[in-house]
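Undergrad: Quick one, structure for this:
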Amino acid sequence: MPRNTAWDTRKPWGTWRPDHAPDGSPSVWTGRSIVAGAAALYVGSMLAFEVYTFAELTSETYRPPDGPGGGLLMLPFSLCFGGPAALWGSLAIVLPLVWAARRAGARLTGRDAWWWVPTVAAAPAVLITAVVAVALHPRPGPLVLTCLSGEVLLAGPALLARYAVLHGRRLLLPVLGCGALAAAVVFGIGATAFGTGLLTEYRPPKVDAAGLAGAWADGHGGTLRLNADGTARAEGLTDHESAYEDQADARRAKYRCTGTGTWGYEPGASTTWNQRLKVSIERCGFDDFDEYADSGWRISGTPERPELVREYGDLDTPGFYLLTR
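TA: Predicted coordinates for the structure are as follows:
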């Protein structure tokens with residue numbers, strides 16, 4: 001029986017073997033292409049995550065970032081869950097891109113060229129960027145980076161899957177090996193950049209009690225006034241934690257509180273991340289002096305423009321209530 005037939009009867013029960021497409025070209029849907037695409041997709045995602053953890057260290061944030069060390073701790077979980085997800089992504093995204101690139105090349109130029117893969121991958125990359133722009137409203141820089149990252153994460157695995165199809169190569173071990181080497185190189189570059197001062201890790205500004213005294217506003221009508229004598233007054237301050245516990249909208253008037261109380265500043269033991277503003281307001285749902293040691297308002301922002309930040313909601317994915325001068 002000819003080799004390009006779909007059903008091979010030389011084995012007792014027959015084996016599905018899509019070695020070739022109807023036009024005689026090698027079929028996109030082979031085990032080697034699936035595995036190659038999945039391996040490249042997994043490695044690319046891990047490298048992108050590693051770069052993100054380094055970039056996160058430089059960004060102003062309300063909680064101490066995990067950094068690359070946190071990414072290493074997540075590696076065993078990524079192997080368990082990332083592998084199946086990469087296989088699904090290879091079948092649902094990578095191989096359809098290879099197929100679409102082949103079809104586009106055949107129809108428009110009459111031949112299958114490698115550059116059709118990144119050309120076709122540009123469309124979903126732009127679509128992803130548009131969704132991010134509408135949902136998150138990022139600045140132009142992160143938006144361009146999102147588009148380029150999407151293009152690389154889609155086109156790279158598709159090109160490797162195409163290579164596996166055309167040359168019949170098993171690429172799992174080479175891709176994983178090169179990925180491990182690339183991860184080591186990225187880590188070395190990142191560590192060197194921070195070690196030499198080329199990049200600087202973000203730290204909250206150092207404040208004191210005198211610097212915190214004054215009026216703070218949430219931008220929605222709520223204010224918190226901290227007086228130098230240790231007394232405090234809230235006007236329309238939002239109690240997000242009570243709204244979260246009630247599973248209600250925090251914008252309702254019920255969760256706006258006005259009252260008087262006291263405040264104090266705790267400088268923290270070793271780092272500016274440990275600074276806390278403790279506030280107790282009679283008619284508000286929070287009393288930081290009676291709660292656990294890490295409760296209270298965090299300090300964020302910059303030395304020129306400090307901010308007060310209060311966490312609420314789920315500990316793993318909290319919301320943040322922000323007050324500024």
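Undergrad: A234 bridge partners, please.
TA: Going by DSSP bridges, A234 is paired in beta bridges with L224, G259.
Undergrad: Might one say that it is in contact with L226?
TA: No: using C-beta atoms under 8 Å, A234 is not in contact with L226; the gap is 10.2 Å. Heads up, the C-betas are built off the backbone N, CA and C, glycines and all.
Undergrad: So, low pLDDT: which residues of the stretch 51-200 of the chain?
TA: Within the stretch 51-200 of the chain, the stretches with pLDDT under 70 are 71.
Undergrad: So what's the residue count around D314?
TA: 9 (other C-beta atoms under 10 Å).
Undergrad: pLDDT value on it, please?
TA: Note on D314: pLDDT of 89.
Undergrad: host element of it?
TA: Using DSSP states H and E, D314 falls within no helix or strand.
Undergrad: Relative to P64, how far out is it?
TA: In this view, D314 and P64 are 18 Å apart by C-beta to C-beta, to the nearest Å.
Undergrad: Run through who's touching stretch 237-245.
TA: Under the criterion C-beta atoms under 8 Å, 6 or more residues apart in numbering, residues 218, 220, 222-224, 249-252, 255-258, 281, 284-286, 310, 312-313, 319, 321 lie in contact with stretch 237-245.
Undergrad: redo that, cut-off 7 Å
TA: With contact meaning C-beta atoms under 7 Å, 6 or more residues apart in numbering, stretch 237-245 is reached by 218, 222, 224, 249-250, 255-257, 284-286, 312-313, 319, 321.
Undergrad: Keeping just the C-alphas, turn that stretch into PDB.
TA: In PDB, the C-alpha atoms belonging to stretch 237-245 read as follows (Å, rounded to 0.1, in the frame of the first residue of the first chain):
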ATOM      1  CA  LEU A 237     -13.600  56.500  54.000                       C
ATOM      2  CA  THR A 238     -14.400  53.200  52.300                       C
ATOM      3  CA  ASP A 239     -14.400  50.100  54.400                       C
ATOM      4  CA  HIS A 240     -13.500  47.600  51.600                       C
ATOM      5  CA  GLU A 241     -13.000  44.700  54.000                       C
ATOM      6  CA  SER A 242     -16.600  44.800  55.300                       C
ATOM      7  CA  ALA A 243     -17.900  45.000  51.700                       C
ATOM      8  CA  TYR A 244     -15.800  42.000  50.800                       C
ATOM      9  CA  GLU A 245     -17.100  40.000  53.700                       C
END
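Undergrad: Show me which parts of that stretch are buried, residue by residue.
TA: L237, T238, D239, H240, E241, S242, A243, Y244 (16 or more other C-beta atoms under 10 Å).
Undergrad: Find the pair from the contacts of stretch 237-245 with maximum spatial separation.
TA: Pairwise distances across the contacts of stretch 237-245 (C-beta to C-beta) peak at 21.1 Å, for the pair L224 and D249.
Undergrad: neighbour-wise, which of the two wins?
TA: Applying other C-beta under 10 Å to L224 and D249 shows that L224 carries more neighbours, namely 24 against 9.
Undergrad: Next up, the contacts around the more buried one.
TA: L224 makes contacts with W216, A232, A234, L237, L323, as judged by C-beta under 7 Å, 6+ apart.
Undergrad: How is this structure partitioned into domains?
TA: Using automatic domain parsing, the domain parsing of the chain gives 7-195, 209-324.
Undergrad: closest one to R203 among these?
TA: It's domain 209-324; of the domains of the chain, that one is closest to R203 (C-beta to C-beta) at 5.3 Å.
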